[in-house]
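Trainee: Requesting a structural model of the entry that follows:
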Amino acid sequence: MASQSTTIYKDRSSVKEEHLNEILEKINNGKSLTLSEGIFLNNFEISSENDFREFSHLSKNQVFEKLCNLLERGKIVICNLFDKDGRINDKIISLENLFEEECCVLVLKHGDRSKIYDKFLYKITYNLKKDEYYLESQDEYFEKINMENEN
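Mentor: Residues are numbered from 1 along each chain as shown. Purely as a prediction, here's the structure:
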C-alpha cells in the first residue's frame with residue numbers, strides 16, 4: 001500500500017487550521033472520521049476563522065447582535081445561563097431586545113424564556129466538535145454609589 005502524503009499546517013494560532021491538522025493526522029493514521037469532521041472538511045473552503053471565534057466580556061447589546069448574526073446563519077446556540085433550577089442548557093431559537101426594560105429575552109426551544117441584562121457581561125464560546133455555540137454569563141458589575149454624610 002502506497003503511503004499518502006498530506007500537508008500539515010504549522011500555524012497553531014488558527015483554530016480552523018488546528019482542527020484541520022487533527023483531522024489530517026487522523027486520516028494519516030488510518031482512523032475513521034466522525035460526521036462532524038466530514039462536514040468540517042466539506043465546508044473548509046467556505047468557512048472563515050470568524051466562524052470559530054469565541055467572544056468574551058460582551059454587553060447585553062453585543063450579545064444580542066452576535067446571537068442574531070449566528071442564528072441568521074443557521075448556527076446552533078445553546079443557552080448555558082443559570083436560573084432558579086440550575087443550568088438552562090437549551091437551544092436559543094429567537095431573541096428580542098427590550099431597550100426600555102434594559103434586558104433581552106431569549107426564546108428557547110422547549111418554550112421557556114430567559115433574560116440577559118445590562119448589569120452582566122457574557123461570553124459566547126464555540127465547541128468545534130459539536131459545531132455549537134454556548135452563551136454563558138461571565139461577570140456581574142456594580143456601580144458604586146457615593147453616600148454623603150448628613151452631619
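
Trainee: Next, the distance between the ends of stretch 100-109.
Mentor: For stretch 100-109, the first-to-last residue distance is 25 Å (Cα to Cα, to the nearest Å).

Trainee: give me the element the spatially most central residue of the chain is part of.
Mentor: What sits nearest the mean C-alpha location of the chain, by Cα atoms, centre = their mean, is residue 133, with 2.9 Å. Assigned by DSSP states H and E, residue 133 belongs to strand 132-140.

Trainee: Just grab the bridge partners of the residue nearest to the centre of the chain for me.
Mentor: residue 77, residue 126 (DSSP bridges).

Trainee: swap in residue 87?
Mentor: Beta-bridge partners for residue 87, by DSSP bridges, are residue 82.

Trainee: what's the answer for the one 5 residues further on, then?
Mentor: Taking DSSP bridges, one finds residue 108 as the beta-bridge partners of residue 92.

Trainee: what about it, distance to residue 84?
Mentor: Residue 92 sits 19 Å away from residue 84, going by Cβ to Cβ, to the nearest Å. C-beta coordinates here come from the backbone N, C-alpha and C atoms, glycine included.

Trainee: and these two? which has more neighbours close in?
Mentor: Set residue 92 next to residue 84 and count neighbours by other Cβ atoms under 10 Å: residue 92 wins out with 21 against 4.

Trainee: What are the neighbouring residues in contact with the more buried one?
Mentor: Neighbouring residues of residue 92 by Cβ atoms under 8 Å, 6 or more residues apart in numbering: 67, 71, 77-79, 106-109, 135.
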